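>>> I'll drop the sequence and a predicted model, then ask my questions.
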Amino acid sequence: MTITPVQLQPIAVAWQNALNQLNTLIALANASSSGSSITPTGGGSLIDVAGATWTFGTNTGNGGTGIFRNGAAAASGQGVKLEVDVNGVIWTQNAQNNWYMWNGSGWTAEASGPTI
């Protein structure tokens, strides 16, 4: 019996999907736990689902203290709190009590805080 590449295609797709799901689970396992948070005065760091390290800098503005992702300013974000949601995504609350979620390249305003 000969198996053709066309017959192998669905198997390859299924394996790739399983590998993607496993990678997602590993990333979540390495991220800071849901509900973990830091403040500028408390120090520390958080790890998101992408493996990035989040900290506060020393620069301040109207929104709070500057936010850093892997040691570089995170899209000019400022806040008084950083928090990890159930999906390992970073959120910030600013000095005006507004919540913003990191979208991979910047901050998206949200009506309420993260689900933890």
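Happy to help now that I have it. Numbering: from 1, shown residues only.
>>> Strands along this protein, start to end?
37-38, 46-47, 53-61, 64-69, 72-79, 81-84, 90-93, 99-102, 107-110 (DSSP state E).
>>> Give the pairing partners of the fourth one; include direction for each.
Strands that pair with strand 64-69, judged by DSSP bridges, come out as strand 53-61 (antiparallel), strand 72-79 (antiparallel).
>>> gap between the shortest one and the chain center?
To tie it back to what came earlier, the one meant is strand 72-79. Remark: strand 72-79 is offset 14 Å from the chain centroid, using C-alpha atoms, centre = their mean, to the nearest Å.
>>> ranking the strands paired with strand 64-69 by burial, who's on top?
strand 72-79 (a mean of 18; mean count of other C-beta atoms under 10 Å). All C-beta spots, glycine's among them, are computed from the backbone N, C-alpha and C.
>>> Extract the C-alpha set from that one and format it as CSV.
Presented in CSV, the C-alpha positions along strand 72-79 are these (Å, rounded to 0.1, in the frame of the first residue of the first chain):
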residue,chain,number,x,y,z
ALA,A,72,12.6,49.0,26.5
ALA,A,73,9.7,51.5,26.7
ALA,A,74,6.4,49.7,25.9
ALA,A,75,4.7,52.1,23.4
SER,A,76,4.9,55.0,25.8
GLY,A,77,2.7,53.2,28.3
GLN,A,78,2.4,54.6,31.8
GLY,A,79,0.6,53.1,34.8
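>>> contacting residues for the residue nearest the centre of the chain?
Centroid-nearest residue in the chain, with C-alpha atoms, centre = their mean: residue 89, separated by 2.9 Å. Residue 89 makes contacts with 48-49, 101-102, 114, as judged by C-beta atoms under 8 Å, 6 or more residues apart in numbering.
>>> Give me the pLDDT value at residue 27.
Residue 27 carries a pLDDT score of 65 in this model.
>>> now the strands paired with strand 64-69 in CSV, with mean pLDDT and distance to residue 32?
Formatted as CSV, the strands paired with strand 64-69 follow (pLDDT from 0 to 100; distance: least, C-beta to C-beta, whole Å):
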stretch, mean pLDDT, distance to residue 32
strand 53-61, 97, 9
strand 72-79, 98, 15
